[in-house]
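**Student:** Just a sequence and a predicted model for now, questions to come.
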Amino acid sequence: MTSPLSQRNGTRITPPQSRTDATPPIESPASTPCATPPATGTILAIDDSRASLSVLGQRLGQLDYRTALSDNGSEGLDLIAARGFDLVLLDMVMPGMSGLQVLHEIRSNADTADLPVIMMTGHRDPAAAIDGLAAGADDHVAKPLDFDVLAARIARVLARARRITELKRANAALDARVATRAVELGETRATLAATQAERKRLAASVKALNDRIQWLSRTSVSR
């Protein structure tokens, strides 16, 4: 199910006040809100071409992804900040804020540093793909888009992101267990040290008592 730029979870998304064009908001071909988000994930597509966004929204909706659409980088960042997404499809060449600038903002924010991003680059510009990957994109696709290739790459990137999330959770649980055992070990060592100190004290007391008994014995014999 696809969520258009002008509607997301039943809430109107107001375009930035600085926009003065009279172009109507993007409307995706499938704009009926979905009551339950599909299990496959949510995708934000950012592209300055409204025609491309419309096609992306339709095709991704057919794949059961829930999709939000934005035609500029600044608004895309606002959407990311307002709502978490599983993946971002990001056009590299856009007026105003470029795709690389948007990617830099995403990677610079601790809350979105690990957000999967697939960069959309020009078919005749292989250097752009290299720049996108170097800037932190998880993958790239060339325009005009081959949707079979795009679908495969989206599925692969999302699967990898899920594995990384599961690994982080497992590591966090392991760290918690290690910390707990470290505390327990520290407590055990403290108890052992206290026991050893008490044993030494008792041993010294017993030795002193024996020495006293021996002295008393010698004193009694001498008399």
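**Tutor:** Cool, got the structure. Note that this is a predicted model, so its numbers are computed, not measured.
**Student:** Return the list of helices and strands in contact with whatever helix or strand Val183 lives in.
**Tutor:** If you go by DSSP states H and E, Val183 is part of helix 147-222. Applying 3 or more CB pairs under 8 Å, 6 or more residues apart in numbering; DSSP states H and E, one finds that helix 147-222 contacts strand 87-91, strand 117-122, strand 139-143. Where you see a C-beta, it was placed from the backbone N, CA and C, and this is true even at glycine.
**Student:** want to throw those into CSV with mean neighbour count, distance to Gly61 and mean pLDDT?
**Tutor:** As requested, the helices and strands packed on helix 147-222 are exported to CSV (neighbours: other CB atoms under 10 Å; distance: least, CB to CB, whole Å; pLDDT from 0 to 100):
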stretch, mean neighbour count, distance to Gly61, mean pLDDT
strand 87-91, 25, 13, 97
strand 117-122, 23, 17, 92
strand 139-143, 19, 18, 93
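**Student:** Quick one: closest of those to Ile164.
**Tutor:** With CB to CB as the measure, strand 87-91 is the member of the helices and strands packed on helix 147-222 nearest Ile164 (12.9 Å).
**Student:** so what strands line up beside that closest one?
**Tutor:** Paired neighbours of strand 87-91 in the sheet (DSSP bridges): strand 42-46 (parallel), strand 117-122 (parallel).
**Student:** which secondary structure elements does the very next helix or strand once past the last one contact?
**Tutor:** Read that as strand 117-122. Sequence order places helix 126-134 as the next helix or strand after strand 117-122, per DSSP H and E. Under the contact definition 3+ CB pairs under 8 Å, 6+ apart, helix 126-134 sits against helix 99-108, strand 117-122, strand 139-143.
**Student:** nearest to Arg212, of those?
**Tutor:** Comparing these by CB to CB, helix 99-108 comes nearest, at 76.2 Å.
**Student:** what comes up buried for that closest one?
**Tutor:** For helix 99-108, a neighbour-count test (16 or more other CB atoms under 10 Å) marks 99-100, 102-103, 105-107 as buried.
**Student:** sorry, back to before: of all the helices and strands packed on helix 126-134, which one comes closest to Ser205?
**Tutor:** Taking these one by one with CB to CB, helix 99-108 is closest: 66.3 Å.
**Student:** Could you pull up the mean pLDDT of the closest one?
**Tutor:** Average pLDDT, helix 99-108: 96.
**Student:** got the contact list for it?
**Tutor:** 46, 73, 76-77, 80, 88, 90-93, 112-113, 115, 117, 119-120, 131-132, 135-137 (CB atoms under 8 Å, 6 or more residues apart in numbering).
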